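Chemist: just to be clear, the model below is a prediction. Sequence and coordinates:
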Amino acid sequence: MTSAMTGIWIGFIAAGLVFVCGYALLLQPHERALRIATSRVVNAFGEADSVRWVRAVGVVMMLGGLGIGIGALAGLLNNVTILLPY
């Protein structure tokens, strides 16, 4: 396997890990989400906004993982020769 293909598979793994971590943030209960945010953030913005912030970070991580996955897929399709009969 060439180094380009190795990088593509590392990209797929990284995309999967970022997506799963973002999904795990979305699944956190209210109390746990407040513990993820620091006490200064909770004191400054309140509980509801802090939980929304943790959820927003989870969504951004999922979108980032999806973008990395699409980029790795584009790299995979760029390096694969498709033999189509004419």
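Modeler: Received, thanks. Residues are numbered from 1 along each chain as shown.
Chemist: in the helix or strand that contains residue 57, what counts as buried?
Modeler: In the assignment (DSSP states H and E), residue 57 maps to helix 47-79. Within helix 47-79, the residues scored as buried using 16 or more other C-beta atoms under 10 Å are 50-51, 53-54, 57-58, 61-62, 64-65, 68-69, 72, 75. For the C-beta atoms, the positions are set from N, CA and C on the backbone; glycine is no exception.
Chemist: what's the weakest-modelled helix or strand in this protein?
Modeler: Every helix and strand of the chain was ranked by mean pLDDT, DSSP states H and E. The lowest is helix 39-45, at a mean of 82.
Chemist: please state the offset of it from the chain centre?
Modeler: Centre-to-centre, helix 39-45 and its host chain are 25 Å apart (C-alpha atoms, centre = their mean, to the nearest Å).
Chemist: do stretch 32-42 as well
Modeler: A distance of 21 Å separates the C-alpha centroid of stretch 32-42 from that of its chain, computed with C-alpha atoms, centre = their mean.
Chemist: which residues belonging to it are considered buried?
Modeler: The neighbour-count check on stretch 32-42 (16+ other C-beta under 10 Å) flags 33-34, 37, 42 as buried.
Chemist: so which residues make contact with it?
Modeler: Residues from elsewhere that reach stretch 32-42, judged by C-beta atoms under 8 Å, 6 or more residues apart in numbering: 25, 28, 47, 50-51, 53-55.
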